[in-house]
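Novice: got a structure for you, letters missing:
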């Protein structure tokens, strides 16, 4: 089993969090990895180019998110 906890600060680590981990994993062995969150996300120039192309598309041909996801699922068997 795999669980991710996202905290806004290390100060949020408390007994409630530890109790939740204990309840989820019971007596199974676990590994706890703590890493600093990197909230910075830089777009590559390729990503920016794709977004710029999308901004130029005719809005009447836009797909709603659900249709887009359905097409991707069908094409890539997700």
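Specialist: Sure, I can see it. Just so it is clear, the structure is predicted and the values come from calculations on it, not from any experiment. Numbers count the residues shown, from 1 in each chain.
Novice: okay, residue 3: pLDDT?
Specialist: Residue 3 is assigned 87 on the pLDDT scale.
Novice: for it, what are its contacts?
Specialist: 21, 24 (Cβ atoms under 8 Å, 6 or more residues apart in numbering). (Glycine included, C-beta is placed from N, CA and C.)
Novice: that one: which element?
Specialist: Taking DSSP states H and E as the definition, residue 3 sits outside all helices and strands.
Novice: phi, psi of it?
Specialist: Backbone torsions of residue 3, given as degrees, to the nearest 10, read phi -140, psi 140.
Novice: would you mind measuring from it to residue 54?
Specialist: Residue 3 is 35 Å from residue 54, where distance means Cβ to Cβ, to the nearest Å.
Novice: likewise residue 76?
Specialist: 20 Å.
Novice: assign the residue nearest to residue 13 when sequence neighbours are not counted to helix, strand or coil.
Specialist: Leaving aside its sequence neighbours, residue 13 sits nearest to residue 7 (Cβ to Cβ, 6 or more residues apart in numbering; 6.8 Å). What DSSP: H, G, I helix; E, B strand; the rest coil gives for residue 7 is coil.
Novice: so how many other residues sit close to residue 70?
Specialist: Around residue 70 there are 13 other residues, counting by other Cβ atoms under 10 Å.
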